[in-house]
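Chemist: Sequence unavailable; structure follows:
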């Protein structure tokens, strides 16, 4: 779907709304896929969005539900806000259980309770089943409606079961269970077509099934699916009983979400902060991070304060102060990024971390040597002061070496104590590189400049 | 597969290698999936890796090929380096065409030519077919072996075709073509099971097929697949003839690769820079970026140099200089991250960018007001100097407003002129926030402090 078509459709919807042609709005949107309807809705103003959604609620509840789902919880909740709990439950029960659970867990507690009470009993039970698991675990993102068959069935019976099953849009594998629902094997749809109809499933199933537990972190789920190129992964409970399945489309969402989370955390931005988030909400989410940064910046600044007398005498030092600190920060951020991403992709573990630390320290000191000499020479030429050149070179070498070491150690330590390395590494690192930069540069300066006359 | 099992297997392989028990190494590894074999190999030393790979080449070429593929081009090429072109072509022709093309395009040109000449003719033709497309386009990452059927076939004939087709591990959809291979429809495997065997495909196929062109950017391919929850997407040429298919497992790789690329580019790290890249290569890749940073840092420093006389008189200014510049940088990076990610995810376009700019400017100035007042008050308390407090507050408000504006404008402009906003935005932004920070803080200081006596 091209952006152009979406934009044209949004224009038409606006016109139809002004003419109160509700039926036409519904008919027009019904021609699009839910993902496109959500894109169209995003181009409307707030009151238009609410109007369109209430039209879909009345005339095409299925599309309303799917569109809601495509919009995601944050924007979706805005559309649910004007509705009463009766209406909310009527639309949420059209969703897959895992999607419904996501919306309900994002609702205010009281509303969530009311919505659950008004849902069909079986849906409500399923949703509450998922809500008992921790957020961002396999149990929370799985769908409990997993298609499974007994190991004693024959292929012909399996095919019949598929043909008569309802609501089976995304079946890729048949999971095979024993009489107590223990997961014992898997059969692909294509395998069913390849063998004699009387063959028992037991004969053709693969027994070495890759599965996850309900409490497996969603990031690990995504890693398994990506690693083994799966279309779906079964979820089992502590007793190895099959309780759900996670499909590859949900895994793609997890991968995108986790990547966004890492990128945002490294910059101190909340993962829900989007281009369209309100100014008030964005400020409220970003201020705390900037506040912490201000505190650490002032701590680093207090190091400079110690050397005020030296700066008063040699004011040119102030010119190079940000250079030393900044280059350490840049160098450390490179290391940090490689290490944090390595941890996220599972390439780096505590076991092989020593080699990574050694390598990054070497890279830091090598880059420090090259750039320290260049910068020192540049400073010497600029200020015609060879001592200044030496001080700058020395401070940069020290700081970039420290940057390589701390850029590796900080995320590894944070990971070890189960703190998300993406979220806190950056600020600890720059505090380190600022302090080391100021200390080494001004420290060297106060030693060397006071004893050696200006050239 | 748990990290522990992989580690134990790596230990066993090391022991077996020392005992020259090549058959046992091959048998042991054959019990693992290729993704696990690659994880095991990553835990070995360089000579062990080469030894294991040459054992697999002799005893289990299929596994050698799949493991190579799992390792990716960078690490894979290390293992191919000791081999002659005869051996390289023998292992690469076991791969899927798109994977083989990736390795061949990464080989030195002369070797690549030799390898292509030694491959089976049909494989070599397929690979060369893909290599004619630009890197990172649908044409380059598709597999040309797409399973398609004529619209005139009946369901029973389609099922027979599936049963007799070779090498069809990942068939999810049957693409339906007319007599000139134009893509006209799609049928899911499950649909085949649901209807009478005599039904013509034409009757049950979906005609509104989502497809991409050979020159579609791989990022756009990934967006389409993620957006419509597809398992595979067909690729057509300029005349809408079906030429290939891209499966969801390849799309997952693209999504991970593009996310890594964005994260790395923002930190000035090459996308191929991994935890295990050699020191020499890492230095060579990171130095240019740090060099550019040094130049811009010195440019910013030259702004400070203008105000040296002011700093000589009021040395406490040097203490707050990095605070103003740093807070602008942090604030701008938050904006930049939201905008760059919004562009990457396709949420933000040139069309709706005005609203984003307005919003981010408001966020910048609001954060600036809050933190400027806090920092100004802190500075007043610390140095008992109310003028200093005013200067710091004013400079921070100006700089954080500028950070919000430039943090939005820079990536949008870069995107407009087709430069990857992730790669260059950060450095332009921090140069801006450094210069604005220094200028506003020292500028205000030289105006206010010279006219008002120290308190």
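Modeler: It's in. Computed from a predicted model, the values in this text were never measured in an experiment.
Chemist: Tell me which residue of the stretch 201-350 of chain A lies closest to chain B.
Modeler: For the stretch 201-350 of chain A and chain B, the shortest gap (Cβ to the nearest Cβ) falls at residue A:259, measuring 3.4 Å. Every residue, glycine included, has its C-beta placed from N, CA and C.
Chemist: I'd say that residue and residue B:263 touch.
Modeler: Yes. Between residue A:259 and residue B:263 there is a contact under Cβ atoms under 8 Å: 7.4 Å.
Chemist: Quick check: which element contains the closest residue to the residue of the stretch 201-350 of chain A closest to chain B other than its chain neighbours?
Modeler: Spatial nearest neighbour of residue A:259, chain neighbours left out: residue B:259 (3.4 Å); criterion: Cβ to Cβ, 6 or more residues apart in numbering or on different chains. According to DSSP states H and E, residue B:259 maps onto helix B:248-266.
Chemist: got the angle for that helix vs helix A:248-266?
Modeler: 10 degrees (axes from the mean of the first three to the mean of the last three Cα atoms, to 10 degrees).
Chemist: could you say what helices and strands helix B:248-266 packs with?
Modeler: helix A:218-227, helix A:248-266, helix A:317-344, helix B:218-227, helix B:317-344, helix B:421-451 (3 or more Cβ pairs under 8 Å, 6 or more residues apart in numbering or on different chains; DSSP states H and E).
Chemist: Shouldn't residue A:272 be within a strand?
Modeler: No. According to DSSP: H, G, I helix; E, B strand; the rest coil, residue A:272 belongs to no strand; its state is coil.
Chemist: phi, psi of the closest residue to it other than its chain neighbours?
Modeler: With sequence-adjacent residues excluded and distances taken as Cβ to Cβ, 6+ apart, residue A:272 is closest to residue A:74, at 5.5 Å. Note on residue A:74: its backbone torsions stand at phi -60, psi -50 [degrees, to the nearest 10].
Chemist: just checking, residue A:74 touches residue A:273?
Modeler: No. Residue A:74 is beyond contact range of residue A:273, at 9.7 Å (criterion: Cβ under 8 Å).
Chemist: Looking at the two, which has the bigger crowd around it?
Modeler: Using other Cβ atoms under 10 Å in any protein chain shown, the more surrounded residue of residue A:74 and residue A:273 is residue A:273, with 21 against 14.
Chemist: quick one: contacts for the more buried one?
Modeler: A:264, A:281-282, A:285-286, B:338 (Cβ atoms under 8 Å, 6 or more residues apart in numbering or on different chains).
Chemist: What's the local residue count around residue A:203?
Modeler: 12.
Chemist: Give the buried residues for whichever helix or strand it is part of.
Modeler: Assigned by DSSP H and E, residue A:203 belongs to helix A:201-204. Neighbour counts over helix A:201-204 (16 or more other Cβ atoms under 10 Å in any protein chain shown) mark A:201-202, A:204 as buried.
Chemist: so can I have CSV of those residues showing pLDDT and distance to residue A:419?
Modeler: Converted to CSV, the buried residues of helix A:201-204 look like this (pLDDT from 0 to 100; distance: Cβ to Cβ, whole Å):
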residue, pLDDT, distance to residue A:419
A:201, 91, 46
A:202, 90, 47
A:204, 91, 47
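Chemist: List the buried residues for the helix or strand of chain A with the lowest mean pLDDT?
Modeler: One helix or strand of chain A scores below all others by mean pLDDT, DSSP states H and E: helix A:189-194, with a mean of 80. Neighbour counts over helix A:189-194 (16+ other Cβ under 10 Å) mark A:189-193 as buried.
Chemist: Identify the residues contacting it?
Modeler: So helix A:189-194 is contacted by A:155, A:158-159, A:162, A:171-174, A:204, B:159, B:162-163, B:168, B:171, B:189-190 (Cβ under 8 Å, 6+ apart).
Chemist: now the strands for the stretch 101-250 of chain A?
Modeler: A:148-150, A:173-177, A:183-188, A:212-213, A:232-236, A:242-247 (DSSP state E, counting those that start in this stretch).
Chemist: hang on, the earlier thing: just checking, what packs against the helix holding residue A:203?
Modeler: Helix A:201-204 packs on helix A:155-164, strand A:173-177, strand A:183-188, going by 3+ Cβ pairs under 8 Å, 6+ apart.
Chemist: Quick check: the gap between the residue nearest to residue A:404 when sequence neighbours are not counted and residue B:52.
Modeler: Distance criterion Cβ to Cβ, 6+ apart; nearest residue to residue A:404, sequence neighbours excluded, is residue A:364 at 2.1 Å. For residue A:364, the distance to residue B:52 equals 32 Å [Cβ to Cβ, to the nearest Å].
Chemist: State the number of residues packed around the residue in the stretch 1-150 of chain A positioned nearest to chain B.
Modeler: The minimum distance from the stretch 1-150 of chain A to chain B, using Cβ to the nearest Cβ, falls at residue A:35 (4.5 Å). For residue A:35, the count of nearby residues is 19 (other Cβ under 10 Å).
Chemist: And for it, nearest residue in space, chain neighbours not counted?
Modeler: Nearest one to residue A:35, counting by Cβ to Cβ, 6+ apart, is residue B:227 at 4.5 Å.
Chemist: That neighbour contacts residue A:38, doesn't it?
Modeler: No. Between residue B:227 and residue A:38 there is no contact under Cβ under 8 Å: 9.4 Å.
Chemist: so where's chain A shaky on pLDDT?
Modeler: Segments of chain A classed as low confidence (criterion: pLDDT under 70) are A:1-2, A:166-171, A:451-455.
Chemist: Quick one: residues contacting residue A:177.
Modeler: Neighbour list for residue A:177: A:148-151, A:183-184, A:241-242 [criterion: Cβ under 8 Å, 6+ apart].
Chemist: Buried members of the residues you listed into PyMOL, please.
Modeler: Only the buried entries of the contacts of residue A:177 go into this PyMOL selection, using 16+ other Cβ under 10 Å:
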select buried, chain A and resi 148+149+150+151+183+184+242
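Chemist: Could you save the contacts of residue A:177 as a markdown table and add columns showing distance to chain B?
Modeler: Below are the contacts of residue A:177 laid out as a markdown table (distance: Cβ to the nearest Cβ, whole Å):
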| residue | distance to chain B |
| --- | --- |
| A:148 | 16 |
| A:149 | 14 |
| A:150 | 19 |
| A:151 | 21 |
| A:183 | 17 |
| A:184 | 19 |
| A:241 | 21 |
| A:242 | 20 |
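Chemist: Tabulate the contacts of residue A:177 (JSON lines), appending distance to residue A:126.
Modeler: Shown next, in JSON lines, are the contacts of residue A:177 (distance: Cβ to Cβ, whole Å):
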{"residue": "A:148", "distance to residue A:126": "16"}
{"residue": "A:149", "distance to residue A:126": "20"}
{"residue": "A:150", "distance to residue A:126": "22"}
{"residue": "A:151", "distance to residue A:126": "25"}
{"residue": "A:183", "distance to residue A:126": "19"}
{"residue": "A:184", "distance to residue A:126": "24"}
{"residue": "A:241", "distance to residue A:126": "16"}
{"residue": "A:242", "distance to residue A:126": "15"}
